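Engineer: A predicted structure for the sequence below; I have some questions about it.
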Amino acid sequence: METAAVKHRIVVAGIGPGNPDYMVPLAKQAIAGAKALVGGRRALAQFAAPAASGQQTLAVTRDIAGVMAFIERELHQHDVVVMVSGDPGYYSLLDALRRNFPAQQIAVIPGISALQLAFARLALPWHDARLVSFHGRRPPASALCYEPGAVLGMLTDGEQNSKTIPPLLIEQGWPKDAKLHICMRLSYADEEIRTVSLGEAMELPAYASGILIAEG
């Protein structure tokens, strides 16, 4: 994508796990002052300026090429703020932005990821944890292997969830009595965390699009 004549920046703002109280002030400032704002529909509904403001907005869909074209077009006039859930450095639109624009044109404002908040809620250090994503993908088996004392943090989605993931871990050597923390709706008023065994999780209803943390 041609960017040589473009002087403005793409500001990638992590908006945290959902509740605005968990957004860093720099992200709030960037979003409030944005002349062009990109993000998911829910984020735009929550943070976009009123229509009369003249702010240009675009909802992120599966048409990533269309999103990149909008950003390129707006960059000729002003900075573009791109809102991403959690932290931009962990499975976000930042990958696509780096493939389409030079890294020096991208400014990243970190955010609190749902995984980070889940570990905080459990008062569980995560410096030695393995982090994987089941959100729209399947991690390699090697990333799921059991080791005594292992801690595994997992993003989930609708199909790969608290009911379907435990059998995959057991296949990779995790004991059925290993502890599993099921973290749902983190940062919201109806937040819930359940701690069960892997074996018990398979007998419970599926909890989707949350965070799972397994402790070996």
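Structural biologist: Here it is on my side, so go on. Numbers count the residues shown, from 1 in each chain.

Engineer: Determine the set of other helices and strands touching the helix or strand hosting residue 153.
Structural biologist: Residue 153 is located in strand 151-155, with elements delineated by DSSP states H and E. If you count contacts as 3 or more C-beta pairs under 8 Å, 6 or more residues apart in numbering; DSSP states H and E, strand 151-155 packs onto helix 114-121, strand 130-133, strand 211-215. (Each C-beta comes from the backbone N, C-alpha and C, glycine too.)

Engineer: in the chain, which spans are strands?
Structural biologist: 10-14, 36-39, 56-59, 80-84, 106-109, 130-133, 151-155, 179-184, 192-197, 211-215 (DSSP state E).

Engineer: pLDDT on the fourth one, on average?
Structural biologist: With pLDDT averaged residue by residue, strand 80-84 scores 98.

Engineer: Kindly format the C-alpha coordinates of it as CSV.
Structural biologist: The C-alpha trace of strand 80-84 is given here as CSV (Å, rounded to 0.1, in the frame of the first residue of the first chain):
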residue,chain,number,x,y,z
VAL,A,80,-6.6,7.8,12.5
VAL,A,81,-7.5,6.2,15.8
VAL,A,82,-8.1,2.5,15.7
MET,A,83,-9.7,1.0,18.8
VAL,A,84,-9.0,-2.7,19.6
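
Engineer: got the contact list for that strand?
Structural biologist: The contact list for strand 80-84, computed with C-beta atoms under 8 Å, 6 or more residues apart in numbering, reads 8-15, 30-31, 34, 36-40, 43-44, 47, 71, 74, 92-94, 97, 111.

Engineer: In PyMOL, select just the buried ones from those residues.
Structural biologist: Of the contacts of strand 80-84, the buried ones can be selected in PyMOL as follows, counting by 16 or more other C-beta atoms under 10 Å:
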select buried, resi 9+10+11+12+13+14+15+30+31+34+36+37+38+39+40+43+44+47+71+74+92+93+94+97+111
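
Engineer: Can you give me the domain assignment for the chain?
Structural biologist: The record assigns the chain these domain ranges, following the TED database: 10-112, 115-215.

Engineer: ok now the longest one, how far from the chain's centre?
Structural biologist: It refers to domain 10-112. Centroid displacement of domain 10-112 relative to its chain, using C-alpha atoms, centre = their mean, to the nearest Å, is 13 Å.

Engineer: How about the shortest one?
Structural biologist: Counting by C-alpha atoms, centre = their mean, domain 115-215 is centred 15 Å from the centre of its parent chain.

Engineer: Quick check: end-to-end length of that domain?
Structural biologist: By C-alpha to C-alpha, to the nearest Å, the extent of domain 115-215 from end to end equals 14 Å.

Engineer: Done for today, thanks.
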